[in-house]
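Peer 1: structural data only, the sequence is not supplied:
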């Protein structure tokens, strides 16, 4: 059965560097037999968790917004790709809005969201992981992966300031492609 | 001249643990002569940065939402307090939405937001800084402080699961009070 | 076949807090059927790696000191426990001396030291993981575990300033005991 | 009065990449008027701290080895440069041996070692700060700097596998030179 890969494009730019790398990852995954779906988070209506805690009883979030259609996609995915630019020294608010809502999975003891393979794509304007704060995004995703007993299969990251920089970086494009292949094939 | 302290309450809970600690910090600061204003971020309309980059030319953000009234408060503050629960292994999306919009200060070479004193308040449900992911919030704020040539004057943090836990923790309440005093007095 | 657990006691204090917790871990492991050996690193002659790189050809380190008897124990172990006080914001020099010499395993493509279970015991004088720097030891061990495709099965840590503090902390003692059980049973 | 800069060369290689960058830093500092001394730690007899705690009463360490001549140099320095290769996912054991012995300054409430400017030079074989573990060295030095109320004035780091790689990297060589200038001039 083909692997299902869900890509969360978390930049406001639909055709920015993380989106380009995510598309290259998608190509690698598709050519290796996976079913890939990409979601452009900035285009969705996702409100912040309001800590009502109703999810802990009912097994679901009561906020009626676009997360309701995203929840079943997250559950169905074998692999989830988090593709984000570094904004303010970690991943984007668009992705944080989405992830904070994953709290609703706690009612099922996180079973529906555990044991998945994660792929990470990060682009930053500064020169390295430390000065850009990209390392903070990586550590946050690792905290998550430990908690969810999931694996981070690969992290594709680079200093990419301007739209179009990723296309000029064949090493990074290839790394994204190969991460897609890996996610399609990991058992 | 009295110090101006701006507190960003970043939990959806208006009377939760980080809000309670923030109020205690405010008491310490006020009694030491500071002018304190608290903002409940969840109650505001703050949209995500859309990467239009218009701020880099005009010197201001063009998104017409509640950030427009928050920007001058951030500029005027001597001290800024970030009070957030740990959601999904770092600070809340509500705070991230606000901070991503600070990018608009880049046009002024960050001058308007540099050189300030920061105070941090973090509450988490898990047992320690590592398992909760609170350490990721701390490191992200440190990346910011380095970049802005600002100082983090103190970090008040604790394992506080249920509403009301902070009131039962006199050590933490006192630490928040003293951080308020320190922010009021730091020259 | 019983699991082999090797404990590296890395404090200069033979009966200090990390040694006490390590002994409690050993009790848990032994009672669950494991064979446990504890090594007091401070009592050994372990010289720093001198970067001669001869190990990369010969498959072994040429420095004639007590690492020569420790190498086969590391290879044979199913589980390795790193028990260290926090000195200067990370684990002790005694443990670092030992670990730097693990570079000799690179000649075998790290096979002999990969796929093991690690257990971590850390004691610190300061109040938490961040101010003590214990978090730096944890992150360093995680970098190692990722590289070696090994797992960190548990981290027992606490603020323990004075000799004897660990015995007064039944929660921590029990956590060490249970980590020993876990290491004995992990398949 | 000229600034005094003390460089701790922490690689076993006297002419390796971190030593080369450290020499370039020394050139920058000297040409800006500083007095620079470089110490090759691997050539010294520095034993691990044995936790005797006698330093806490007497105000000095009782271990009779080469730290006795290094202590006054550390006290006298305005700037201290830590130049280390990344070994086992953080800085070298040679440097850790030296730093663990700084505990002796606690008797003076750290006054003799506080308020200094630090410079950092790191070289690693892996591709980036995260996979190499260099980030762990940086975070450990930051924990130290916070504790000692000192500043890290700059971090020069790069992926430099083979002896001679630093000479081929003019950007890194220039960054080291400029960090030397900065340390010579910081007031």
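Peer 2: Structure's in. What do you need? Please read all numbers here as calculations on a predicted model, not as lab measurements. Numbers count the residues shown, from 1 in each chain, chains lettered A, B, ... in the order given.

Peer 1: kindly report the residues of chain A close to chain B.
Peer 2: Chain A has residues A:11-13, A:16, A:42, A:48-51, A:85, A:87-90, A:92-94, A:96-97, A:99-100, A:102-103, A:130-131, A:133, A:135-136, A:139-140, A:143-144, A:147 near chain B, with proximity defined as CB under 8 Å from any CB of the partner chain. Where you see a C-beta, it was placed from the backbone N, CA and C, and this is true even at glycine.

Peer 1: buried members of those into PyMOL, please.
Peer 2: The PyMOL command for the buried members of the residues of chain A next to chain B (criterion: 16 or more other CB atoms under 10 Å in any protein chain shown) is given here:
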select buried, chain A and resi 11+12+13+16+42+48+49+51+85+87+88+89+90+92+93+94+96+97+99+100+102+103+130+131+133+135+136+139+140+143+144+147
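
Peer 1: among the residues of chain A next to chain B, which are in strands?
Peer 2: Counted as lying in strands by DSSP state E, out of the residues of chain A next to chain B, are A:85, A:87, A:90.

Peer 1: switch those over to CSV; also include pLDDT.
Peer 2: Formatted as CSV, these follow (pLDDT from 0 to 100):
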residue, pLDDT
A:85, 98
A:87, 98
A:90, 98
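
Peer 1: now the residue nearest to residue A:172 when sequence neighbours are not counted: phi and psi?
Peer 2: Closest residue in space to residue A:172, ignoring its immediate chain neighbours: residue A:158 at 4.7 Å, by CB to CB, 6 or more residues apart in numbering or on different chains. Backbone geometry at residue A:158, expressed as degrees, to the nearest 10, gives phi -170, psi 160.

Peer 1: hang on, the earlier thing: of the ones in strands among the residues of chain A next to chain B, closest to chain C?
Peer 2: Checking those against chain C by CB to the nearest CB gives residue A:90 as the nearest, at 16.4 Å.

Peer 1: isn't the closest one right up against residue A:139?
Peer 2: No. With contact defined as CB atoms under 8 Å, residue A:90 and residue A:139 do not form a contacting pair (9.0 Å).

Peer 1: anything in contact with each of those two?
Peer 2: Residues touching both residue A:90 and residue A:139 by CB atoms under 8 Å, 6 or more residues apart in numbering or on different chains: residue B:136.

Peer 1: contact partners for residue A:83?
Peer 2: The contact partners of residue A:83, by CB under 8 Å, 6+ apart, come to A:7-11, A:18-19, A:21-22, A:25, A:120-122.

Peer 1: any chance of those residues in JSON lines, plus pLDDT?
Peer 2: Shown next, in JSON lines, are the contacts of residue A:83 (pLDDT from 0 to 100):
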{"residue": "A:7", "pLDDT": "98"}
{"residue": "A:8", "pLDDT": "98"}
{"residue": "A:9", "pLDDT": "98"}
{"residue": "A:10", "pLDDT": "98"}
{"residue": "A:11", "pLDDT": "98"}
{"residue": "A:18", "pLDDT": "98"}
{"residue": "A:19", "pLDDT": "97"}
{"residue": "A:21", "pLDDT": "98"}
{"residue": "A:22", "pLDDT": "98"}
{"residue": "A:25", "pLDDT": "98"}
{"residue": "A:120", "pLDDT": "98"}
{"residue": "A:121", "pLDDT": "98"}
{"residue": "A:122", "pLDDT": "98"}
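
Peer 1: tell me which of the residues you listed is nearest to residue C:29?
Peer 2: Residue C:29 has its nearest neighbour among the contacts of residue A:83 in residue A:120, at 35.3 Å by CB to CB.

Peer 1: doesn't the closest one belong to a strand?
Peer 2: Yes. Counting by DSSP: H, G, I helix; E, B strand; the rest coil, residue A:120 is located in a strand.

Peer 1: for it, give its distance to chain C.
Peer 2: 13 Å (CB to the nearest CB, to the nearest Å).

Peer 1: burial of that residue, as a residue count?
Peer 2: A count of neighbours around residue A:120, defined by other CB atoms under 10 Å in any protein chain shown, yields 23.

Peer 1: next up, the contacts around it.
Peer 2: A:81, A:82, A:83, A:137, A:138, A:141, A:152, A:154, A:155, A:156, A:157.

Peer 1: now the second one: which helix or strand?
Peer 2: Going back to what we said before, that points to residue A:82. strand A:79-87 (DSSP states H and E).

Peer 1: same deal with residue A:36?
Peer 2: Judged by DSSP H and E, residue A:36 forms part of strand A:35-40.

Peer 1: what mean pLDDT does that strand have?
Peer 2: Taken as a whole, strand A:35-40 has a mean pLDDT of 98.

Peer 1: for it, buried residues please.
Peer 2: A:35, A:36, A:38, A:39, A:40.

Peer 1: next: stretch A:122-130.
Peer 2: For stretch A:122-130, by 16+ other CB under 10 Å, it's A:122, A:123, A:124, A:126, A:128, A:129, A:130.

Peer 1: that stretch near chain C at all?
Peer 2: No. Applying CB under 8 Å from any CB, one finds stretch A:122-130 out of contact with chain C, separated by at least 12.8 Å.

Peer 1: quick one: end-to-end length of that stretch, please.
Peer 2: In stretch A:122-130, first residue to last residue: 13 Å (CA to CA, to the nearest Å).

Peer 1: how far is that stretch from where the chain is centred?
Peer 2: 17 Å (CA atoms, centre = their mean, to the nearest Å).

Peer 1: contacts for it?
Peer 2: Counting by CB under 8 Å, 6+ apart, residues outside stretch A:122-130 touching it are A:16-18, A:21, A:83-86, A:91, A:132-135, A:137-138, A:155-161, A:165-166, B:143, D:128-130, D:135, D:138, D:155, D:157.

Peer 1: which ones among those residues map onto helices?
Peer 2: A:17-18, A:21, A:132, A:134-135, A:137-138, B:143, D:129-130, D:135, D:138 (DSSP state H).
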